[in-house]
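Novice: Here's my sequence, what's the structure:
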Amino acid sequence: GLGDGEMTAQSITPPLPIGTADYLATADLANMRQVILNGNMEIGMPPFGPGNSDPLDDTEITNILASLYDLAKANAPLPEASVRGRIINGTTGEPVIANLGVELSAFDSQFQQTLAVTSTLDAEGNFLFNLQDVSPTWAFIPSVVYGGVDFTGDVFQFQAQSPDQDVTVTVFDPTMDDANILVQQWHIVAEVIEGNLRLGEVFVFVNQGNEVYVGPTGDPEEGTVRIPLPAEAIDPTFRRGFGGSDSFLPANELMPIDMDWVDVFPLRPGLGGMIMLAQYSLPY
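Specialist: You can find the predicted model right below:
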């Protein structure tokens, strides 16, 4: 109801923030009811009256209008909110008790950062953030640097009924031993395009140990896992998978070393691992 949904760019006109108190303070409910019944095709709004293939009856339209006021309440900033948490060492299973800094970041629906605050672990290994005027639409994520590696906790949002959050960030001791690193899956897709062979290789790396792999030198910036491509590969590009093999973002961090392309991301333990898509062309 804030007019900032993922399909906003496809709208004929910018959507109105109908789920906010400011909008509803001046809203004409009778006019809104008529727009639902008869539509407004100039702005891309189809009708949902009796002549529509999937009509809404009077009670359903009333419920829709009433729900806007619930949206306004849900979208209202929380006057106060708090985040309590701890850092757990996943290698040892013990809480981290050290003078360690923790950062809490918030992002809006357009992935723009809206907040960044820091705290420090206390003597018992806990951290605390007290916040004011928090939007329930923001996504929060805690992070910490441990052993030279960035670790993050789960993403969460505040709701009016739950202004307090309890979170845990799991960190791991670093290792340069690659004995527990393997390619769990490797897929190759090929097609001929304009006389060239276009290939896509999907690698699923996993770390079966309980330490984070930081590469053979101990400095992730000097490389962690290696992806070998044919010497004749033309215009290689790389994309990193997030949340599954159908969701990829550009991975511009990879760098060529010898005959391989090398990632600079540490490989954390767990079956989730890291998914990498390499695409390139070869002479047919």
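Novice: Leu16 against Tyr23, yeah?
Specialist: Yes: the criterion here is C-beta atoms under 8 Å, and Leu16 meets it with Tyr23 at 6.3 Å. C-beta: built from backbone N, CA, C; applies to glycine.
Novice: Please say which of those two ends up with more neighbours.
Specialist: Comparing Leu16 with Tyr23 by other C-beta atoms under 10 Å, the one with more neighbours is Tyr23, at 17 against 13.
Novice: got the CA coordinates for the helix or strand that the more buried one is a member of in CSV?
Specialist: Element membership for Tyr23 (DSSP states H and E) is helix 21-24. Extracted in CSV, the C-alpha atoms of helix 21-24 (Å, rounded to 0.1, in the frame of the first residue of the first chain):
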residue,chain,number,x,y,z
ALA,A,21,-2.6,7.7,7.1
ASP,A,22,-1.8,10.8,5.1
TYR,A,23,-3.6,9.5,2.0
LEU,A,24,-6.6,8.1,3.9
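Novice: which residues touch the very next helix or strand once past that helix?
Specialist: The helix or strand immediately downstream of helix 21-24 is helix 29-38, counting by DSSP H and E. With contacts defined as C-beta atoms under 8 Å, 6 or more residues apart in numbering, helix 29-38 is touched by Met45, Pro47, Phe48, Gly49, Leu56, Ile61, Ile64, Leu65.
Novice: Contacts only, for the second one.
Specialist: Contact criterion C-beta under 8 Å, 6+ apart gives Ile36, Leu37, Asn38, Gly39 as the residues in contact with Pro47.
Novice: And for stretch 83-96, what's in contact with it?
Specialist: Applying C-beta under 8 Å, 6+ apart, the contact partners of stretch 83-96 are 100, 102, 104, 121, 125-129, 131, 140, 142, 144, 146, 153, 164-173, 210-211, 269.
Novice: Quick one: mark the members of those that sit in strands.
Specialist: The strands, defined by DSSP state E, take in 102, 104, 126-129, 131, 140, 142, 144, 146, 164-171 from those.
Novice: For PyMOL, what selects the buried ones among these?
Specialist: Of the ones in strands among the contacts of stretch 83-96, the buried ones go into a single PyMOL selection, burial set by 16 or more other C-beta atoms under 10 Å:
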select buried, resi 102+104+127+129+131+140+142+144+146+165+167+169+170+171
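Novice: Great, nothing more from me.
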